[in-house]
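Engineer: here is a sequence together with a model predicted from it:
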Amino acid sequence: MSTPAASLQNASLSFGNRVLWHDLDLQINPGEFFAVLGPNGSGKTSLMRVLLGLQPLSHGTAQIDGRPVARGSRDIGYIPQQKSFAPGTPLRARDLVGLGVDGDRWGIRFRSRGFRRRVDELLEQVGATSYADAPVGLLSGGEQQRLRAAQALATDPKVLLCDEPLLSLDLHHQQAVSSLINRQCRVNGSAVVFVTHEINPVIEYVDRVLYLAGGQFRVGAPEEVMTTEVLSALYNSHVEVIRNKGRIVVLGLPDATTHHHGAGQDGEQ
Ligand SMILES: Nc1ncnc2c1ncn2[C@@H]1O[C@H](COP(=O)(O)OP(=O)(O)OP(=O)(O)O)[C@@H](O)[C@H]1O
């Protein structure tokens, strides 16, 4: 069997006496599109931070490509949950993407023709060519987010961690960025770990889902996990899952666990 791109063995994470998740065993394979769902505070971003080597587990082990997680690994591409750049940030759009291409060569940043071609190619893939030379701090949230996607793809990473990467993108760019991430997964074999509160925009790409809620979790194909029975058990309350034309609508989520982003164009997941 091939080495998993990312794995957790017997993993638990607690803060004080609050257990986010425990006894989590996961193997995410190269070329797999793996979605992580769950309400606010269920530990989705914390799981990303574990894989980035930024958050130690309370128990268990976490590996990337068969080795213990480590900060700053070039094997990982990361699209963080959106935060805006300050208006005065002294970087142009192409500089940000360029950091992804040669980010580990601080000081001797060589600007070869190949470097420039790669940056241009990435900018084009996310539809950012028209603002390549604009200061990032003056761009809209969605425009900045497309640059973060380009930067994360730059190293052709073994594992691509995406934390709500479609937030603040309009429908057209949601489709463009999610299909780009999917291509990276299928063509280049990156394992994609995709945190989202909305499965519908990526439902056609998702191989497996990890659903975290109330300190419990379920892992499986979307049709196994996104059911009335499984979600009602996770939320310990009756939740209705309806499928309509390939989309999934979840009704009756407990108030305290509704997602803070509100329903997107496709309805609350
Ligand atoms: N270093 C820390 N120390 C203490 N508590 C923490 C720490 N990091 C995260 N938490 C808590 O753990 C919980 C899970 O946080 P996390 O950001 O992983 O949730 P999430 O599922 O990504 O939520 P959201 O959907 O709101 O982004 C939160 O209640 C958070 O306050």
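Structural biologist: The structure has been received and is ready for your questions. Residues are numbered from 1 along each chain as shown.
Engineer: what is the burial count for the nearest residue to residue 157 once chain neighbours are set aside?
Structural biologist: Nearest non-adjacent residue to residue 157, counting by Cβ to Cβ, 6 or more residues apart in numbering: residue 77, 3.6 Å away. For glycine as for every other residue, the C-beta is placed from the backbone atoms N, C-alpha and C. By other Cβ atoms under 10 Å, 25 other residues sit near residue 77.
Engineer: please apply the same query to residue 88.
Structural biologist: Counted with other Cβ under 10 Å, residue 88 comes out at 8.
Engineer: was I right about it contacting residue 137?
Structural biologist: Yes - with contact defined as Cβ atoms under 8 Å, residue 88 reaches residue 137; the gap is 5.8 Å.
Engineer: surely residue 74 meets residue 155?
Structural biologist: Yes - the criterion here is Cβ under 8 Å, and residue 74 meets it with residue 155 at 5.4 Å.
Engineer: which of these two has more neighbours?
Structural biologist: residue 155 (19 against 11).
Engineer: how about the strands of this protein, start to end?
Structural biologist: With DSSP state E, the ranges of strands along the chain come out as 6-15, 18-28, 33-37, 59-64, 67-68, 76-79, 159-163, 191-195, 208-213, 216-220, 240-244, 247-251.
Engineer: which one of the ones you listed lies nearest to the ligand?
Structural biologist: strand 6-15 (3.6 Å; Cβ to the nearest ligand atom).
Engineer: what packs against that closest one?
Structural biologist: Counting contacts by 3 or more Cβ pairs under 8 Å, 6 or more residues apart in numbering; DSSP states H and E, strand 6-15 packs against strand 18-28, helix 44-51, strand 59-64.
Engineer: tell me the most buried of those?
Structural biologist: Of the helices and strands packed on strand 6-15, the one with the most neighbours on average (mean count of other Cβ atoms under 10 Å) is helix 44-51, at a mean of 21.
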